[in-house]
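Peer 1: Predicted model follows, preceded by the sequence.
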Amino acid sequence: MVKNIFMLYTRTTLAARYGITTTSLKEWYSPAGVIPPRKKGGFFKEIDIEQLDFLCIATRYVKVTKNEYQLNVLPMGGLSEYVLSSHKIPLKDFLLDPKYVNQEDEVVIEVLRRLENDAAYQSSGFTVESAA
């Protein structure tokens, strides 16, 4: 499956997207599980941007630190499972609620777009377990 890439991100453009410095962005690589581009001026892969987006949402709106993200959120199954257990609402509803997040944030809009695209490809209740 080919994914649509809307923008290619370097370290500088990605740091600007999150409103942090490139030095701070380097501290996000390990908690997000991202391997940065090898050469200067290289571009991040789309999966890396997705992982950094989830870390950004977690630190900015769910109010977890990078260490808590690594120790609590990832082992639980990701940000969606963490938000469901801590706030008792699904991640999509959390991101759509203006009392929790800034609706005009570029990262929030992008994560919502991805969640909607992922939901469009999911089947209607058919799973491997139910077929057996």
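Peer 2: Happy to help now that I have it.
Peer 1: what's the helix or strand hosting E27 packed up against?
Peer 2: Following DSSP states H and E, one finds E27 within helix 22-32. Other helices and strands packing on helix 22-32, by 3 or more Cβ pairs under 8 Å, 6 or more residues apart in numbering; DSSP states H and E, are helix 11-18, helix 46-57, helix 66-68. All C-beta atoms are positioned from the backbone trio N, CA, C, and that covers glycine.
Peer 1: which one of these has the most crowded surroundings?
Peer 2: helix 46-57 (a mean of 20; mean count of other Cβ atoms under 10 Å).
Peer 1: pull the longest helix from the chain.
Peer 2: Taking DSSP state H as the criterion, the chain has its longest helix at helix 106-121.
Peer 1: buried stuff in that one?
Peer 2: V107, V108, E110, V111, L112, R114, L115 (16 or more other Cβ atoms under 10 Å).
Peer 1: thought the last one was touching D93?
Peer 2: This means L115. No: at 10.4 Å, L115 does not count as touching D93 under the criterion of Cβ atoms under 8 Å.
Peer 1: confidence score at the residue most central in space within the chain?
Peer 2: Nearest to the mean C-alpha position of the chain, by Cα atoms, centre = their mean, lies F54 at 2.1 Å. Here, the pLDDT recorded for F54 equals 95.
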